[in-house]
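**Student:** Coordinates for the following, if possible.
(one chain, ligands or ions: 1)
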Amino acid sequence: MKHFSIAIDGPAGAGKSTIAKKIAKELNFIYVDTGAMYRAMALYFIRNNIDASDKEKIKNNINLVDISIEYIDGEQQIFLNGENVSRLIRTEEVGKMASAVSVYPDVRLKLVELQRSLASKANVVMDGRDIGTYVLPNADLKIYLTASTKERARRRFLELQEKGIMADIDVIEKDIIDRDYRDMNRDFAPLKQAEDAIVVDSSDMTIDEVKDTIIQYFKKII
Ligand code: C5P
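**Tutor:** This is a model prediction of the structure:
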């Protein structure tokens, strides 16, 4: 049976996961958050005191890491060696480690296998950095969702403020720039716009405007 796939790629903080979740809900597709997989892997390395620069140790430990996902009440839950770590991975520390270890092909290949397997079994909205270019090159719709660094930093700042976490907006912006650089300049499956992707710049759009725009594009192709 043919399954539909919508790939949403773009830099950190462009709103990918919020938008992808909403689209999945509206179309009754499964939302696959690939960033959560890199974060769960990163959590394993943090817990085991493995340095992000220790390529050999990372390579030798990959077979000890089992990442799986389940859907509970429609929400993706991520499991690291059988433990639900969905909440534990949402820290700056884990995000930084994920960004650092995601440059390694061994790390990526393990997770890409899981991502492709999910897309082969269901209609999916999958977000990440390399979905349209590498994971699902035949996705039915590819979106490159972006926003200015200033706007992405502002959104992240407000998000942290809502959680009662103090932050410096300039530090956040610098972190975003560093993360973009690493994602765009790694050798293996870097973040870049697929040739057949549609660019959506969310800087001056509301969440619902972005969601509706992407759903309109999808309706045109089915
Ligand atoms: O999207 P999120 O911030 O949760 O992703 C964490 C990190 O995982 C990103 O900074 C990026 O470096 C990496 N990542 C990736 N490829 C993906 C998804 C995430 O390299 N498909």
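**Student:** Quick check: residues of the chain near the ligand?
**Tutor:** 12, 34-35, 38-39, 95, 98-99, 102, 128-130, 179, 183 (Cβ under 6 Å from any ligand atom). (C-beta placed from N, C-alpha, C; glycine too.)
**Student:** can you do 8 Å?
**Tutor:** Within the chain, the residues that sit near the ligand (Cβ under 8 Å from any ligand atom) are 9, 12, 16-17, 33-39, 42, 89, 95, 98-100, 102-103, 108, 111, 115, 127-131, 135, 179, 182-183, 186, 189, 191.
**Student:** and the helix or strand hosting V210, how far out from the chain's middle?
**Tutor:** Taking DSSP states H and E as the definition, one finds V210 inside helix 207-221. Centroid displacement of helix 207-221 relative to its chain, using Cα atoms, centre = their mean, to the nearest Å, is 19 Å.
**Student:** In terms of secondary structure, what does it contact?
**Tutor:** Packing contacts for helix 207-221, counted by 3 or more Cβ pairs under 8 Å, 6 or more residues apart in numbering; DSSP states H and E, involve strand 5-9, helix 16-27, strand 141-146, strand 198-201.
**Student:** Dump the ones you listed into CSV; add mean pLDDT as well.
**Tutor:** Output for the helices and strands packed on helix 207-221, formatted as CSV (pLDDT from 0 to 100):
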stretch, mean pLDDT
strand 5-9, 98
helix 16-27, 97
strand 141-146, 98
strand 198-201, 98
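**Student:** so which of those is the most packed in?
**Tutor:** Among the helices and strands packed on helix 207-221, ranked by average contacts under mean count of other Cβ atoms under 10 Å, first place goes to strand 5-9 (a mean of 28).
**Student:** can I assume D127 sits in a strand?
**Tutor:** Yes. Assessed by DSSP: H, G, I helix; E, B strand; the rest coil, D127 belongs to a strand.
**Student:** ok, now which ones touch it?
**Tutor:** Contacts for D127 (Cβ atoms under 8 Å, 6 or more residues apart in numbering) come out as A7, I8, D9, K16, S17, I19, A20, Y31, V32, D33, T34, G35.
**Student:** Quick check: the gap between K55 and the ligand.
**Tutor:** Applying Cβ to the nearest ligand atom, to the nearest Å, the value for K55 to the ligand is 16 Å.
**Student:** What about the nearest residue to that residue once chain neighbours are set aside, how many residues nearby?
**Tutor:** Excluding its sequence neighbours, the residue lying closest to K55 (Cβ to Cβ, 6 or more residues apart in numbering) is Y104, at 6.6 Å. Counted with other Cβ atoms under 10 Å, residues neighbouring Y104 total 18.
**Student:** for the one 3 residues further on, same thing?
**Tutor:** Applying other Cβ under 10 Å, we find 23 other residues in the vicinity of V107.
**Student:** Can you verify my assumption that it contacts V101?
**Tutor:** Yes. Look at V107 against V101 with Cβ atoms under 8 Å: they come within range, at 5.3 Å.
**Student:** Need the residues touching each of those two.
**Tutor:** Y38, M41, I58.
**Student:** Surely the first one is in contact with V107?
**Tutor:** So that's Y38. Yes. Applying Cβ under 8 Å as the test, Y38 and V107 come out as touching, 7.4 Å apart.
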